[in-house]
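Visitor: sharing a model prediction with you, sequence too.
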Amino acid sequence: MFVFGAVFTYGQQLPHYTQYLINDYVTNPAIGGTSPYFKAQSNHRFQWVGITDAPRTYIFSLHGPIVNDKMGVGGYVFTDFTGPTRRSGFQASYSYKVNITDDIKLSFGLAGGLLQFAVDGGKVNLEDINDLVLSTSLQSSLVLDMAAGLYLYEEDRWFFSVSAPQLVGSKLQFFDAYTNTLSRLSNHYFAAGGYTFDISSDFQIQPSFLIKYISPVPIQVDANVRAIYQENVWVGLSYRSEDAIGAMLGYNFKERFMFGYSYDFPISNLRKQSTGSHELMVGFRFLEN
């Protein structure tokens, strides 16, 4: 959150994704290029509908393999609005894969880019209209951002992922008068895993989890389970600790076009003010003919 005056930032600064498993690349640069094709995806999340100035997130990613599938490249651009604040930027990534066995692979990934935090003072109502801490103009801070990750997997069977976004911890200086600001990017640490069970020739069950840690916030756990029919249609349930439960559905059309939708119902005190959160994903696989 942002507290004007001292201008601190605490807690999770990255947006939630209920469909983290469908667009997992945005949480770990090591995943770039682990599929045998390039993939473009766009996620749109509208969080806590019914609450004024609630978060809205838009992201577009593209990644795929190069050099005989030994390496991967990719990148994404994003914008995240919360009230008078905006977080936007881009990252580009590189990954390298090694074979542990014939079926098991380990990918190492690094990403770097620029991140802009902006505050629109014209959208903030101040008790003292002459307060010099926040002007009515747009104040912003442009900083370097980096991420790293590891991804251990057996294709179409299981995976384990660890990543660290916002590695640099860059200082966010919004106002020239505050050169000693303590506001900076918080280090985030993610761990995720999942396994696909074959129930029959047509049906699969895929449980997964995502663990997020950002000091000094308590660890948060996302748990999902999906039922997949003929690798094209899926439905699922999700749970985010002390936050929300959700339902998901998705469809792959002719193996190229992807669609996913999720709805989160808050289980925290926010349920009294919000009807829930919506997330839409559309994607395209660049398959060879």
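Guide: Received the coordinates, thanks. Numbering: from 1, shown residues only.
Visitor: any low-confidence regions in the stretch 1-150 of the chain?
Guide: Counting by pLDDT under 70, the low-confidence segments of the stretch 1-150 of the chain come to 1-13, 121-138.
Visitor: all strands for it, in order.
Guide: In the stretch 1-150 of the chain, the segments counted as strands under DSSP state E, counting those that start in this stretch are 2-3, 8-9, 38-49, 56-66, 71-82, 85-99, 104-120, 138-154.
Visitor: out of the ones you listed, which gets nearest to Phe197?
Guide: Among the strands of the stretch 1-150 of the chain, the nearest to Phe197 by Cβ to Cβ is strand 138-154 (13.2 Å). C-beta coordinates here come from the backbone N, C-alpha and C atoms, glycine included.
Visitor: next SSE downstream of the closest one?
Guide: Sequence-wise, the next helix or strand downstream of strand 138-154 (DSSP states H and E) is strand 158-164.
Visitor: as CSV, the strands of the stretch 1-150 of the chain with mean neighbour count would be great.
Guide: As requested, the strands of the stretch 1-150 of the chain are exported to CSV (neighbours: other Cβ atoms under 10 Å):
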stretch, mean neighbour count
strand 2-3, 14
strand 8-9, 16
strand 38-49, 19
strand 56-66, 19
strand 71-82, 19
strand 85-99, 18
strand 104-120, 19
strand 138-154, 18
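Visitor: out of these, flag the one nearest Glu231.
Guide: With Cβ to Cβ as the criterion, Glu231 lies closest to strand 38-49 of these, at 15.2 Å.
Visitor: pairing partners for the closest one, with directions?
Guide: Counting by DSSP bridges, the strands paired with strand 38-49 are strand 56-66 (antiparallel), strand 276-286 (antiparallel).
Visitor: now those as a markdown table including distance to Thr101?
Guide: Below are these laid out as a markdown table (distance: least, Cβ to Cβ, whole Å):
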| stretch | distance to Thr101 |
| --- | --- |
| strand 56-66 | 19 |
| strand 276-286 | 26 |
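Visitor: and Gly193, how many neighbours?
Guide: Per other Cβ atoms under 10 Å, the neighbour tally for Gly193 reads 16.
Visitor: and the pLDDT at it?
Guide: Each residue has a pLDDT score; the one for Gly193 is 96.
Visitor: and the helix or strand containing it, what other elements does it pack with?
Guide: Per DSSP H and E: Gly193 is located in strand 189-195. Helices and strands touching strand 189-195, by 3 or more Cβ pairs under 8 Å, 6 or more residues apart in numbering; DSSP states H and E, are strand 158-164, strand 203-214.
Visitor: I'd like to know which of those strands is closest to Gln47.
Guide: Closest approach to Gln47 among the helices and strands packed on strand 189-195 is made by strand 203-214 (15.5 Å; Cβ to Cβ).
Visitor: what angle do the closest one and strand 189-195 make?
Guide: Our comparison of strand 203-214 with strand 189-195, counting by axes from the mean of the first three to the mean of the last three Cα atoms, to 10 degrees, yields an angle of 170 degrees.
Visitor: partners of strand 203-214 in the sheet?
Guide: Strand 203-214 pairs in its sheet with strand 189-195 (antiparallel), strand 197-198 (antiparallel), strand 217-229 (antiparallel), by DSSP bridges.
Visitor: returning to that earlier point: list the buried residues for the strand holding Gly193?
Guide: Of all the residues in strand 189-195, those buried under the rule 16 or more other Cβ atoms under 10 Å are Phe190, Ala191, Ala192, Gly193, Gly194.
Visitor: ok, and the closest non-adjacent residue to Ala54?
Guide: Leaving aside its sequence neighbours, Ala54 sits nearest to Trp48 (Cβ to Cβ, 6 or more residues apart in numbering; 4.0 Å).
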